[in-house]
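Student: Quick one, structure for this:
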Amino acid sequence: MNQIVSIGTSHHVAPIEFREKLAFSNDQLIDSLHKLRDSYSLQESVILSTCNRVEVYAVADTHQTKQAPSQILLDFLSHYHQIGMETLKKWSYLHNNLDSIQHLFRVTSSLDSMVVGESQILGQVKEAYDLSRSAGGAGTILNKLFAKAFSVGKRIRTETTIATGAVSISYAAVELAKKIFNTLEDKTVAILGAGEMSELTAKHLVANGVTKVIVANRTYERAVKIAEKFKGIPVAYDDDLNFLIDADIVISSTDAPYYLIERQPLAEIMRKRKHRYMFLIDIAVPRDIEPDVSKINHAFLYNIDDLEAVVASNLKDRQQEASRAELIVTEEAKRFHDQLQILEVNPTIKALHQQFQEVADTELQSFLDKTGLSNTQEADAAAMTQAIIKKLLHLPVENLRHAVNDGKADHGKYVQALQDLFALDANGEKEQK
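Tutor: Model prediction:
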């Protein structure tokens, strides 16, 4: 039987020091999707890797895998990222079937986000799903699951006001900056990175009085593209960090696998700027800024986990709407899970009917060949045969469907027993002996 399993970590359960070890670059995502399919025998998989979470969703045939699907995912992450099994178990969560479905629906609805109601997560999940499809990771079941997850996310935003008043991570960063500097007017901000998060942050900063924006990126053309939107100054990133000399606020959000701002070069920059206050917020995972930067006098470093307090106060105003959204997610997850279970047992039910029909047709034809019945009598005999098949299969089929709808019985064992006893294959045809 197919099983939907997921493993993950997020800001809810693990510090950034662990999350950055588990993060995937785009190249690693594609490589991992291939490994999960070819080396770990998982039929389908999707990997989501953002600043706040890393999650793997997979489909496994429990009759074809030697290990429990959840153990397969643990082994994969442990080996791929060279993380000890005990450490991995401590800072991660595992879900199966209905729990996996409900968790994904909570994610796409932003109920599991640091900023409940934020809109970015839906786009991030779509990107992860699209990448998986292009790499041959997602198949029939995950296609259905993620399509439904996107639908549920949109329903939550349409039927509730959960997104009303929601602050973004970048907005929270600006709120922290305002606590360091009483006013942001006449301040200079340096944006490191040219992605969506960087652009949103620049937008909030300018709206709050920042007059000068410096955009640094290794690819100068990308820096130009963002800088033009804010009449800013594009610069090419350089390891000597000279572009930070005039910066009062530094926002970093890149996908670099190593520190772009290290303590020693920044200490030299601070000396050149005569130790004027510098506020640095590192939104990236893995982190862009070496943690020891916080030891430099007058340098105030915050990472994405430090934004949680700012976000928490914002959540109180939307808690009632979040409760409404939770009910919708629970309802939708249960309905989708039941539909999947019915779809899974239908091929076996069809195969059983087909086998009974083939036996009945063979025996009926043998009987008719030996008798001289009229056409009307032959039709009556055929109708009686159909009635017998229907009555014989009615009870086992109803019991199987009841086991699926009940959710308590292990219908997988019933399906397997039918397939074994009647020599049925997964495609609804008799196995060849």
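Student: next one: phi and psi at the residue sitting furthest away from the middle of the chain?
Tutor: Within the chain, the residue lying farthest from the chain centre (Cα atoms, centre = their mean) is G372, at 66.8 Å. Backbone geometry at G372, expressed as degrees, to the nearest 10, gives phi -110, psi 50.
Student: contacting residues around it?
Tutor: Residues in contact with G372 (Cβ atoms under 8 Å, 6 or more residues apart in numbering): none are found. Heads up, the C-betas are built off the backbone N, CA and C, glycines and all.
Student: Show the pLDDT at it.
Tutor: Looking at G372, its pLDDT stands at 83.
Student: With A417 instead?
Tutor: 80.
Student: Next: D406.
Tutor: Turning to D406, the model gives it a pLDDT of 65.
Student: Same check on L368?
Tutor: pLDDT for L368: 89.
Student: And for K231?
Tutor: 88.
Student: Y220 reaches D238, doesn't it?
Tutor: No. The pair Y220 / D238 is not scored as a contact, 11.0 Å apart, by Cβ atoms under 8 Å.
Student: which residues in the stretch 301-433 of the chain form strands?
Tutor: Assigned by DSSP state E, counting those that start in this stretch, the strands in the stretch 301-433 of the chain number zero.
Student: how about the spatially most central residue of the chain, secondary structure?
Tutor: Compute the mean C-alpha point of the chain, and by Cα atoms, centre = their mean the closest residue is L48, 4.4 Å away. Following DSSP: H, G, I helix; E, B strand; the rest coil, L48 is assigned to strand.
Student: in the sheet, who's paired with it?
Tutor: E55 (DSSP bridges).
Student: how near is it to L22?
Tutor: Distance of L48 to L22, computed by Cβ to Cβ, to the nearest Å: 11 Å.
Student: Stretch 84-94: which residues count as buried?
Tutor: Neighbour-count burial for stretch 84-94, counted by 16 or more other Cβ atoms under 10 Å, picks out L88, W91, S92, Y93, L94.
Student: Just send those residues back as a markdown table, with secondary structure and pLDDT too.
Tutor: As requested, the buried residues of stretch 84-94 are exported to a markdown table (DSSP: H, G, I helix; E, B strand; the rest coil; pLDDT from 0 to 100):
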| residue | secondary structure | pLDDT |
| --- | --- | --- |
| L88 | helix | 97 |
| W91 | coil | 97 |
| S92 | coil | 97 |
| Y93 | strand | 97 |
| L94 | strand | 97 |
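Student: Looking at these, which is nearest I249?
Tutor: Checking the buried residues of stretch 84-94 against I249 by Cβ to Cβ gives W91 as the nearest, at 31.2 Å.
Student: The closest one contacts I16, doesn't it?
Tutor: No. Counting by Cβ under 8 Å, W91 stays clear of I16, with 11.1 Å between them.
Student: I'd assumed L131 was in contact with the residue nearest to the centre of the chain.
Tutor: No. Assessed by Cβ under 8 Å, L48 is found out of contact with L131, at 9.7 Å.
Student: Just confirm H275 is within a strand.
Tutor: No. Applying three-state DSSP, one finds H275 to be coil, outside a strand.
Student: For it, give me the pLDDT.
Tutor: pLDDT, H275: 86.
Student: Contacts only, for it.
Tutor: H275 neighbours (Cβ under 8 Å, 6+ apart): N297, H298.
Student: what about 10 Å?
Tutor: By Cβ atoms under 10 Å, 6 or more residues apart in numbering, the residues touching H275 are A267, I296, N297, H298, A299.
Student: what's the domain layout of the chain?
Tutor: The chain breaks down into these domains under automatic domain parsing: 2-165, 169-315, 339-421.
Student: Looking at the ones you listed, spot the one closest to A325.
Tutor: Across those, closest to A325 is domain 2-165 (Cβ to Cβ), at 4.7 Å.
Student: next one: the closest one to chain centre, how far?
Tutor: 4 Å (Cα atoms, centre = their mean, to the nearest Å).
Student: cool, stretch 188-197 as well?
Tutor: Taking Cα atoms, centre = their mean, the mean C-alpha location of stretch 188-197 is offset from the chain mean by 25 Å.
Student: looking only at pLDDT, what's the mean for it?
Tutor: Average pLDDT, stretch 188-197: 84.
Student: swap in stretch 278-292?
Tutor: Rounded mean pLDDT across stretch 278-292 is 92.
Student: Can you point out the buried residues in it?
Tutor: 278-290.
Student: any residues in contact with both of L48 and L131?
Tutor: Once Cβ under 10 Å, 6+ apart is applied, the residues that L48 and L131 both contact turn out to be L29.
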